[in-house]
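Enquirer: build me a model from this:
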Amino acid sequence: MSAPLPPIDPALPGWSHEGGGRLYQQLARKLFAQLASGQYAVGDRLPPERELAIDHDVSRPTVREAIIALEVQGLVEVRIGSGAYVVRIPGQVDAPGFSITAFEMMEARLAIEGEAAALAARHIQDDELDMLDMLVERIASANLHHGDAYEVDRDFHMLIAQATRNAALIEIIGRLWEMRRSSPETRLLLAKARTAKVTPVVEEHRAIALAIRSRDPDAARAAMRGHLAAVIDHLLFATGDGAVGVACAEAADDGSGQLG
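Expert: Just a heads-up that it's a prediction; the model follows:
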């Protein structure tokens with residue numbers, strides 16, 4: 001029997017126990033109102049992330065999501081190493097808008113794909129195991145040659161979904177990957193991750209494939225959940241102060257920045 005999923009961690013970016021929506025949306029609305037009221041002019045720099053977090057009693061990841069929401073609407077521009085600058089004042093017809101963020105998508109994947117990996121460990125066929133190993137090597141090759149590993153990474157996770165022999169899981173996981181492409185906020189954050197040289201972690205994918213090959217559902221679940229939790233950490237790094245150092249050292253990058 002599958003182990004129960006843990007409750008959502010309130011420390012994850014943007015989570016609110018209250019009924020007013022996610023915290024990043026509440027903060028984005030406040031910042032939107034400040035822009036509309038004339039508190040900031042075009043060219044002004046918004047307060048630093050740390051200051052906004054303290055002033056509004058939210059986490060710094062929540063501030064990042066709020067700023068990304070404003071950036072998607074073309075209201076601010078984030079300059080690496082400098083901060084967020086106002087590039088447009090919202091007009092009367094403008095309103096705060098939100099789509100699915102990368103963190104929301106990753107929370108959903110964390111809840112679903114761990115169980116999919118456990119189920120795949122029970123039902124996967126030998127030829128699919130070989131294909132899984134081949135996809136791991138293709139991810140390694142894409143990283144080595146600085147290519148875009150999005151498609152092969154998607155193929156890896158969708159093959160695991162297919163191996164569950166569960167049509168509902170296949171459709172749900174496929175939809176989550178579509179969201180990664182279709183959500184403006186998710187696309188922007190993942191673009192920032194790529195700028196910070198964040199790419200799929202080969203060893204994490206190899207560990208997932210090995211656990212599934214061993215036909216151990218518990219190990220497969222743990223490997224997948226560990227991988228997706230690490231992706232959330234990498235996204236936080238890529239959108240925070242740590243990304244500045246990565247961008248400045250891009251020429252000396254050794255390929256260790258990862259995403260999957």
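Enquirer: would you check that I124 makes contact with A161?
Expert: No. I124 is beyond contact range of A161, at 11.0 Å (criterion: CB atoms under 8 Å). (C-beta placed from N, C-alpha, C; glycine too.)
Enquirer: who touches both of the two?
Expert: Between them, I124 and A161 share no contacting residue under CB atoms under 8 Å, 6 or more residues apart in numbering.
Enquirer: which stretches in the stretch 1-150 of the chain count as helices?
Expert: With helices called from DSSP state H, counting those that start in this stretch, the stretch 1-150 of the chain shows them at 23-36, 49-56, 60-72, 102-123, 126-144, 150-163.
Enquirer: low pLDDT regions in the stretch 1-150 of the chain?
Expert: For the stretch 1-150 of the chain, the stretches flagged by pLDDT under 70 are 1-21, 146-147.
Enquirer: now do 90
Expert: Across the stretch 1-150 of the chain, the ranges flagged by pLDDT under 90 are 1-22, 60-61, 64-65, 68-69, 72, 78-82, 91-104, 142-150.
Enquirer: show me what the closest residue to G83 other than its chain neighbours is bridged to.
Expert: With CB to CB, 6 or more residues apart in numbering as the criterion, G83 has its nearest non-adjacent residue at 5.0 Å, and that residue is R45. Here R45 sits in beta bridges with Y85, going by DSSP bridges.
Enquirer: quick check, R45 in contact with V87.
Expert: No. At 11.3 Å, R45 does not count as touching V87 under the criterion of CB under 8 Å.
Enquirer: which of the helices of the stretch 1-150 of the chain sits closest to E203?
Expert: Nearest to E203 among these is helix 126-144 (9.2 Å), distances taken as CB to CB.
Enquirer: what's the angle from the closest one to helix 150-163?
Expert: On the basis of axes from the mean of the first three to the mean of the last three CA atoms, to 10 degrees, helix 126-144 is oriented at 160 degrees to helix 150-163.
Enquirer: buried set for helix 126-144?
Expert: Neighbour-count burial for helix 126-144, with 16 or more other CB atoms under 10 Å as criterion, is recorded at 128-129, 131-132, 135-136, 138-140, 142-143.
Enquirer: and for stretch 225-234?
Expert: Buried residues in stretch 225-234 (16+ other CB under 10 Å): 225, 227-228, 231-232, 234.
Enquirer: quick one on the thing from earlier: contacting residues around the residue nearest to G83?
Expert: 82-86.
Enquirer: quick check: it vs G114, distance?
Expert: 41 Å (CB to CB, to the nearest Å).
Enquirer: kindly report the same for R154.
Expert: R154 is 17 Å from G114, by CB to CB.
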